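Colleague: Following is a predicted model, sequence given first.
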Amino acid sequence: MTKNKFNYKDSGVNIEEGQKFIDDIKNLSSASNNNYSLGSIGGFSGYVEIPDSLNEPVYALACDGVGTKMRIAQKKGDLTTIGIDLVAMCVNDLIVSGAKPIAFLDYYGCSKLDREKGQQILSGIIDGCKLAGCDLVGGETAEMPNHYKGENFDLVGFSMGINEKSKIIDGTKIAEGDVILGLPSSGFHSNGYSLINEVIENNCDDELLNRLLVPTKIYVKEILELLASVEIKGMAHITGGGFEENLSRASNGLTINIDRSKWHMPEVFEEIQKIGNISTDEMFGVFNCGIGYAVILSEENAKLAKEINLDLIEIGFISDEETIFKYI
């Protein structure tokens with residue numbers, strides 16, 4: 001009896017196609033280089049050069065994913081923006097401590113590699129790196145037909161930033177009377193989409209899909225500009241868990257007071273709230289509701305910050321009470 005002959009390609013993994021995709025990455029990523037990376041993509045690891053202007057450099061590391069926002073992209077048949085989300089979710093976390101992003105890596109896992117879809121995702125990652133001022137230095141593409149089913153895939157990002165050790169922002173300087181300023185979001189960013197997908201399952205048109213697919217705003221340039229001129233005591237990236245979960249992490253044991261009347265929740269949030277019959281408390285406990293990033297400063301520095309960045313909105317203040325967080 002003749003034994004079956006097995007090979008990698010018949011099992012669903014096409015090495016040649018994978019190598020062609022690596023070439024795609026090399027060609028596209030060359031446009032995003034900010035001169036931190038050494039060498040080129042395609043090796044077993046990536047290297048970055050540390051700016052010599054730092055006296056005591058320390059490194060910040062973060063990883064995150066796009067989550068179930070990918071389902072929106074698949075419904076729309078457009079994967080070009082989720083790469084921006086991927087970079088944004090990582091670098092927005094890095095800058096919370098004052099770090100400057102310098103390098104990014106990605107993991108793309110799928111059942112069957114589709115170079116066109118891969119290029120769409122990669123184009124977004126390149127755009128995100130440009131906006132964040134960091135280099136794409138490598139990553140991993142995994143074709144696993146026995147693990148990922150159908151059109152499902154994973155997209156995960158890893159970012160590296162650098163800071164002066166003496167300039168790490170950890171919230172320990174936050175004091176009673178400090179002011180909380182917020183920067184507007186571009187939409188839902190990349191959080192809460194498990195709830196959103198449930199809400200729109202049988203009630204969504206193409207126009208709403210477009211608005212739900214708007215990529216996460218990258219705050220790197222705005223925050224670095226502020227840091228060059230004012231002392232920021234604490235920051236928070238408003239992601240899943242909304243205001244209480246994220247701002248409480250920066251409270252230094254004091255009370256975060258948020259005034260929801262200081263800004264108007266954008267229309268797309270109101271539409272999802274109406275379709276899903278979601279309470280306002282639930283909305284603020286899950287989504288950013290129009291404020292994607294928050295900074296905490298002294299009253300004097302808050303005034304200066306608002307002169308530097310006209311988009312900043314005063315959304316609350318710090319007090320010293322028994323509770324860590326409250327809406328006022």
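Modeller: Alright, I've got the coordinates.

Colleague: can you give me phi and psi for Tyr293?
Modeller: Note on Tyr293: its backbone torsions stand at phi -150, psi 140 [degrees, to the nearest 10].

Colleague: contacting residues for it?
Modeller: 92, 182-183, 185, 217, 219, 223, 235-238 (CB atoms under 8 Å, 6 or more residues apart in numbering). Using the backbone N, CA and C atoms, a C-beta is placed for each residue, glycine as well.

Colleague: swap in His237?
Modeller: 92-93, 96, 219, 246, 292-293.

Colleague: Look up the pLDDT of the residue nearest to it when sequence neighbours are not counted for me, please.
Modeller: Excluding its sequence neighbours, the residue lying closest to His237 (CB to CB, 6 or more residues apart in numbering) is Asn92, at 4.5 Å. The score at Asn92 is 98. That number is its pLDDT.

Colleague: element containing Asn92?
Modeller: Taking DSSP states H and E as the definition, one finds Asn92 inside helix 82-94.

Colleague: got it, and Glu282?
Modeller: Element membership of Glu282, judged by DSSP H and E, is helix 280-286.

Colleague: next one: Ile296
Modeller: Using DSSP H and E, Ile296 falls in strand 291-297.

Colleague: Tell me who's in contact with the spatially most central residue of the chain.
Modeller: Centroid check for the chain by CA atoms, centre = their mean gives Met89 as the closest residue, at 1.1 Å. Met89 makes contacts with 64-66, 157, 189-190, 216, 239, as judged by CB under 8 Å, 6+ apart.

Colleague: Most neighbours among the contacts of His237, please name it.
Modeller: Highest neighbour count within the contacts of His237, by other CB atoms under 10 Å: Asn92, with 28 neighbours.

Colleague: distance of that one from Glu56?
Modeller: Counting by CB to CB, to the nearest Å, the gap from Asn92 to Glu56 is 25 Å.

Colleague: do the same with Met70
Modeller: When distance is defined by CB to CB, Met70 is 40 Å away from Glu56.

Colleague: Between those two, which is the more surrounded one?
Modeller: Set side by side, Met70 and Glu56 show more neighbours around Met70, with 22 against 9, by other CB under 10 Å.

Colleague: Now that one, what are its backbone angles?
Modeller: Here is the backbone geometry of Met70 (degrees, to the nearest 10): phi -60, psi -30.

Colleague: Mind listing residues that contact stretch 259-268?
Modeller: Under CB under 8 Å, 6+ apart, the answer for stretch 259-268 is 182, 184-185, 187-188, 208, 211-212, 273, 280, 283-284, 289-291, 313-316, 327-328.

Colleague: again, only using 10 Å
Modeller: Residues from elsewhere that reach stretch 259-268, judged by CB atoms under 10 Å, 6 or more residues apart in numbering: 180, 182, 184-188, 208, 211-212, 214, 243, 270, 273, 280, 283-284, 287-291, 313-317, 327-328.

Colleague: Are any of the residues you listed buried, and if so which?
Modeller: 180, 182, 184-188, 208, 212, 214, 243, 273, 283-284, 287-291, 313-317 (16 or more other CB atoms under 10 Å).

Colleague: Tell me which of the contacts of stretch 259-268 fall in strands.
Modeller: 180, 182, 184, 291, 313-317, 327 (DSSP state E).

Colleague: for Gly128, what are its contacts?
Modeller: 32, 81-91, 104, 106, 134, 136, 157, 159, 215-216, 218.

Colleague: For Val66, see how far away the closest residue to it other than its chain neighbours is.
Modeller: In space, Gly128 comes closest to Val87 once its chain neighbours are excluded; the distance is 2.8 Å by CB to CB, 6+ apart. From Val87 over to Val66 the distance is 10 Å, taken as CB to CB.

Colleague: Can you pull the residues that touch both of those two?
Modeller: Joint contacts of Val87 and Val66 (CB under 10 Å, 6+ apart) are 124, 157, 215-216.

Colleague: quick one: which of those residues is most hemmed in?
Modeller: Among the shared contacts of Val87 and Val66, the one with the most neighbours (other CB under 10 Å) is Thr216, at 29 neighbours.

Colleague: what's the helix or strand for that residue?
Modeller: For Thr216, there is no host helix or strand (DSSP H and E).

Colleague: got the domain boundaries for this protein?
Modeller: 15-167, 179-327 (automatic domain parsing).

Colleague: Just to check, Leu181 is in contact with Ile315?
Modeller: Yes. Between Leu181 and Ile315 there is a contact under CB atoms under 10 Å: 6.8 Å.

Colleague: burial of Glu299, as a residue count?
Modeller: Number of residues near Glu299 (other CB under 10 Å) recorded here: 10.

Colleague: Nearest spatial neighbour of it, chain-adjacent residues omitted?
Modeller: Spatially, and ignoring its direct neighbours in sequence, Glu299 is nearest to Val179 (5.5 Å; CB to CB, 6+ apart).

Colleague: likewise Arg71?
Modeller: Leaving out its chain neighbours, the residue that sits closest to Arg71 by CB to CB, 6+ apart is Asn197, at 5.4 Å.
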